[in-house]
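> Fold the following.
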Amino acid sequence: MVIISYLIIIFYESSILLISLSSSFLIVSLYTNNESILSKFLRLGYLPYLGKLTYSIYLFHVVIFYPIKVFATNYSVNNWIIIFLIGYSFCIFICLYIYKYIEKPLIDRGYLIVSNIK
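The predicted structure follows:
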């Protein structure tokens, strides 16, 4: 039994290492090869701007999704796809304003402070 648990731990850790290494190689290849199909896709339309919102989405997704989940549960909405689409749309909408009126001005102020120090 102990051997099986060690094998499971080794397999789990090696799979995490494999995922981490392949992700790293993907990022490096996207950085060095601007003409790849994936690189072109990631530069389309609103995706670069959505990339700027990722920190706000990361910070606020739980705060936004939890009330939507509670509301959906109270009204017996059990379709997780609908909950996800509504929650993600609302999250992007809120994070657009957070980025525009809070995050971006603070980033600009930080650049100003750093440029005055030099």
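> Next up, the contacts around the residue nearest in space to the middle of the chain.
When the chain is reduced to its mean C-alpha position, the nearest residue by Cα atoms, centre = their mean turns out to be Thr54, at 4.9 Å. For Thr54, the contact set (Cβ atoms under 8 Å, 6 or more residues apart in numbering) is empty. Every C-beta, even on glycine, is put in place using the N, C-alpha and C of the backbone.
> Give me the distance between it and Phe60.
11 Å (Cβ to Cβ, to the nearest Å).
> what do you get for Gly45?
Gly45 is 23 Å from Phe60, where distance means Cβ to Cβ.
> Look at these two and report which has more neighbours.
For Gly45 versus Phe60, neighbours defined as other Cβ atoms under 10 Å are more numerous around Phe60 (14 against 8).
> Need the pLDDT of the more buried one.
Per-residue pLDDT puts Phe60 at 88.
> Now do it against Lys104, distance only.
Per Cβ to Cβ, Phe60 is found 15 Å from Lys104.
> So for the helix or strand Asn116 falls within, mean pLDDT?
According to DSSP states H and E, Asn116 maps onto helix 104-117. Confidence for helix 104-117, expressed as mean pLDDT, is 91.
> Ok, stretch 43-52 next?
Here stretch 43-52 scores 80 as its mean pLDDT.
> From start to finish, how long is it in a straight line?
12 Å (Cα to Cα, to the nearest Å).
> outside of it, which residues touch it?
Phe41, Leu42, Ile92, Tyr99.
> By neighbours, which of these wins?
Top of the contacts of stretch 43-52 by neighbour count (other Cβ under 10 Å): Tyr99, with 19 neighbours.
> Would you confirm that that residue contacts Leu53?
Yes: assessed by Cβ atoms under 8 Å, Tyr99 is found in contact with Leu53 at 5.4 Å.
> shared neighbours of those two, which are they?
Overlap of the contact sets of Tyr99 and Leu53 (by Cβ under 8 Å, 6+ apart) is empty.
> which residues are in contact with the helix holding Asn116?
Applying Cβ under 8 Å, 6+ apart, helix 104-117 has no contact partners.
> and that helix, C-alpha only, in CSV?
Output of helix 104-117 as CSV, limited to C-alpha atoms (Å, rounded to 0.1, in the frame of the first residue of the first chain):
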residue,chain,number,x,y,z
LYS,A,104,-4.7,52.4,-14.7
PRO,A,105,-4.4,55.8,-12.9
LEU,A,106,-2.4,54.1,-10.1
ILE,A,107,-0.1,52.5,-12.6
ASP,A,108,0.4,55.9,-14.3
ARG,A,109,1.1,57.5,-10.9
GLY,A,110,3.6,54.8,-10.2
TYR,A,111,5.4,55.5,-13.4
LEU,A,112,5.4,59.2,-12.6
ILE,A,113,6.9,58.6,-9.1
VAL,A,114,9.6,56.3,-10.6
SER,A,115,10.5,58.8,-13.3
ASN,A,116,10.9,61.5,-10.7
ILE,A,117,13.2,59.4,-8.6
